[in-house]
Each structure stands twice: as structure tokens, then as C-alpha cells.
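Trainee: attaching a predicted model along with its sequence, questions to come.
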Amino acid sequence: MSFRDSKVVIVGAGNVGSTTAYTIINQGLCEEVVLIDVNKDKAYGEALDMQHSVYFMNRNIKVKAGDYADCADADVVILTASAPMPKDSNDRLKMLEPSLRVIGSIVDSIKETGFDGIYIVVSNPVDIMTYYTWKKSGFPKERVIGSGTTLDSARLCCELAELYDLDAKSVEAYVMGEHGDSEIVSWNSATIGGKQVSDVMTDNADRTGSVTKESLRNKTVLAGWEIFNRKGNTCYGIAASATAIVKSILFNENRIYPVTVDLNGQYGIDGVFLSVPAIIGKNGIKEIVEIKLDPGELKSLQDSAGVLKPFYEKITM
């Protein structure tokens, strides 16, 4: 009998990459975590710091700074590197051109190693970077997954839970579409304890107050900027959401998360990478879940796809 160790490589040792590595380690998800960064001293320092923390954890995990050769036998590679956000801008799409250069170089380097696992793309603008990673890598679509609106959905659930003084895990609501201004909420499928959110809001008017579905959506859209403008980055939420995707892959959980995937006719959308609920297992995307949207939601989702598609024309391989 032989056992194969699981290995996760994270490209980018900034706030998001390092926090993702630490979250994976803290949950004991694999045998080895490798950090790669152009700043080798930063990657080494982060890895060494985390390796010392393993002493106090429940599982012995090897943590190290490495290079692209480490991708050759990795199960998952997480891309967190991206160009800096332009000053005085809250538009992730303005990161497109510089981020394309960064991700293109990274994926080329990974390809040379013969990597044959699953990509998880976190780098912004995540929907377009996921499409670009897929095109650049030549991988099957099911093995290139963007973090998409997984965190946005968690933020919405937290807002609803706070409004009604509940555990956020009692709320099930999906944010879909672009990870950005055009994202939508599937209110038609949103529930709290099995009860439709629309009914909860109506039946608890005293607690709902002046809060509306649109104000909740707007707050969800702006939540990342609310954090970014105060502390200069967002890292814990996105690290936790990326780790949840990793866990569903490595443990073959078949969990459903709203992630960036390629749509081929689902929701009347074809050839666009954007976030919809999908089943995630050991081989990546097992199945896209096509939930019933009301006509207005469906139109908004299709409009969100329309925001992204023109950017494909700007991408050259």
C-alpha cells in the first residue's frame, strides 16, 4: 500500500496569499504548503513563521518557500498575485492590463513544470483572470475555478444574520454574476431556516426596518471596499473562502459554492466565465447548478455576463 501526500502551492505571498496559506495550515488540509513570490525573502519569512506555528496545531504540515518547480506534483495551485489597485479607484476591472501580464507570466512558468492539478484563481479581476488562466493553461474548464462570489455570498449571509440576530450559517443566499458592481442576488432561492428571505423580511417588519433587498445587495457589493478603505487590504474573508474551495477539492466534499466557471448555455449564457453555484469535488467542477431565477434576476445575470464579455476582446495570448 502507498499513500500520496496532498500538496497546495500558493503563488503570491502578500496578505491574501499568506493568510490563505495560514488558514489551510490551521485547518490541517494537506501535507505540504508551498509559497512562491517574486520577493523570495518575503515568501521565506512567511513560510518560516508559519512552520513554527505548526508546533501548536493538530497536524504536522510542511511549509516552505519554493519556486515553480514545486507545482509539478501539486494537487492545487492558488493564484493570488495581481497588480496593485490603481489609486483612487474602486473598479477591479481597471486592474486588467497589468494583472494580465502578471498572471500570464505565472501560468507560463507553471505550464513548463507539467502541473496537472486544479487551478484556483483569486487574483482580481477574478472572473476575467479565471478565463485568461483557462485559455493560457489549456486546461479542461472544470479544473480552472475562480473564487468568484463565494465571499460575497458569505457577506450577504452575515448581513442578513445580523439583521435578524442569527447564526450566519442558518442563512442560505447566493450572490451570482461578476465579482463586482454588476453582481446579483438570487432572492428567489434565498432562505433563512428554510423560509424565503422575502417572507422573513415581510413577517419581521419591525426588525427589517428600512432595509431593502437592494440596500442589502449594495452593501454586499461595497463590503470589500469598506474593509479596503479602512485597513488597506482584505485578506481573512477571501482566504477563508479560497480555503473552503480547497477543502472541497482535497476532501472530495462535493460542496456547492458560487464560483467563477465557464457557462455553456446555463442561464441562457454561453462562453462567459462568471459566478454561479457549482458542485466542487476532487476533479474540480463536478456540475453547474442551474437554480431557478425570477425573470428580473435572470435578465440581471445575463447583463452581468454582458459586462464581462467585451473584455475578452482585449486579451491576447
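Mentor: Yep, that arrived. Numbering: from 1, shown residues only.

Trainee: C-alpha from now on. contacts and neighbour counts both.
Mentor: Will do.

Trainee: now do the SS call for Ile10.
Mentor: strand (DSSP: H, G, I helix; E, B strand; the rest coil).

Trainee: go ahead and confirm it touches Ile24.
Mentor: No. At 10.6 Å, Ile10 does not count as touching Ile24 under the criterion of CA atoms under 8 Å.

Trainee: what about the strands in the stretch 51-200 of the chain?
Mentor: Using DSSP state E, counting those that start in this stretch, the strands of the stretch 51-200 of the chain run over 62-65, 76-79, 118-121, 144-146, 171-172, 175-176, 184-185, 191-192, 195-196.

Trainee: buried stuff in the fourth one?
Mentor: Using 16 or more other CA atoms under 10 Å as the test for burial, strand 144-146 gives Val144, Ile145, Gly146.

Trainee: quick one: residues contacting the second one.
Mentor: Read it as Ile145. Ile118, Tyr119, Ile120, Val121, Thr130, Val259, Thr260, Val261, Gly284, Ile285 (CA atoms under 8 Å, 6 or more residues apart in numbering).

Trainee: next one: it from Ile279, what distance?
Mentor: Ile145 sits 11 Å away from Ile279, taking CA to CA, to the nearest Å as the criterion.

Trainee: need the overlap of contacts for the two.
Mentor: Ile285.

Trainee: what's the separation between the nearest residue to Cys71 once chain neighbours are set aside and Thr19?
Mentor: Leaving aside its chain neighbours, Cys71 sits nearest to Phe115 (5.6 Å; criterion: CA to CA, 6 or more residues apart in numbering). Distance of Phe115 to Thr19, given as CA to CA: 23 Å.

Trainee: mind listing the residues bridging to Arg255?
Mentor: Beta-bridge partners recorded for Arg255 (DSSP bridges): Ile280.

Trainee: could you check the pLDDT of Lys286?
Mentor: We have a pLDDT of 98 for Lys286.

Trainee: cool, Pro98 as well?
Mentor: For Pro98, pLDDT reads 83.

Trainee: how about Val221?
Mentor: 93.

Trainee: specify the local secondary structure of it.
Mentor: Following three-state DSSP, the label given to Val221 is helix.

Trainee: against Tyr164, how distant is it?
Mentor: Taking CA to CA, one finds Val221 at 20 Å from Tyr164.

Trainee: between these two, which is the more surrounded one?
Mentor: Val221 (22 against 15; other CA atoms under 10 Å).

Trainee: hang on, isn't that one packed against Val185?
Mentor: No. With contact defined as CA under 8 Å, Val221 does not count as touching Val185 (10.4 Å).

Trainee: now the common contact residues for those two.
Mentor: With CA under 8 Å, 6+ apart, Val221 and Val185 have no common neighbours.

Trainee: ok so, going back, count of neighbours near the residue nearest to Cys71?
Mentor: So Phe115, with other CA under 10 Å, has 21 neighbours.

Trainee: does Ser210 sit in a helix, a strand or a coil?
Mentor: Ser210 is classified as coil under three-state DSSP.

Trainee: and the pLDDT at it?
Mentor: Reported pLDDT for Ser210: 96.

Trainee: picking up where we left off before, how much space between the residue nearest to Cys71 and Val77?
Mentor: Distance from Phe115 to Val77, by CA to CA: 9 Å.

Trainee: quick check: neighbours shared by the two?
Mentor: The contact sets of Phe115 and Val77 overlap at Cys71 (CA under 8 Å, 6+ apart).

Trainee: now the helices for the chain?
Mentor: 15-26, 40-53, 96-111, 126-137, 150-163, 197-203, 205-208, 213-231, 236-250, 295-312 (DSSP state H).

Trainee: so which of those helices is nearest Asp70?
Mentor: Taking CA to CA, helix 96-111 is the member of those nearest to Asp70, at 9.1 Å.

Trainee: just checking, what packs against that closest one?
Mentor: Where contact means 3 or more CA pairs under 8 Å, 6 or more residues apart in numbering; DSSP states H and E, helix 96-111 is packed against helix 126-137.

Trainee: report the rounded mean pLDDT for the helix it packs on.
Mentor: For helix 126-137, the per-residue pLDDT averages 96.

Trainee: and what of stretch 259-270?
Mentor: 97.

Trainee: now it - C-alpha only, PDB.
Mentor: Once non-C-alpha atoms are left out, stretch 259-270 reads as follows in PDB (Å, rounded to 0.1, in the frame of the first residue of the first chain):
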ATOM      1  CA  VAL A 259     -17.600  30.200  -8.000                       C
ATOM      2  CA  THR A 260     -16.400  31.500 -11.400                       C
ATOM      3  CA  VAL A 261     -16.900  28.900 -14.000                       C
ATOM      4  CA  ASP A 262     -17.500  28.700 -17.800                       C
ATOM      5  CA  LEU A 263     -21.100  28.800 -18.700                       C
ATOM      6  CA  ASN A 264     -22.200  26.900 -21.800                       C
ATOM      7  CA  GLY A 265     -25.900  27.600 -22.200                       C
ATOM      8  CA  GLN A 266     -26.800  27.600 -18.500                       C
ATOM      9  CA  TYR A 267     -28.900  30.700 -17.600                       C
ATOM     10  CA  GLY A 268     -29.000  31.500 -21.300                       C
ATOM     11  CA  ILE A 269     -25.300  32.500 -21.200                       C
ATOM     12  CA  ASP A 270     -22.700  31.000 -23.400                       C
END
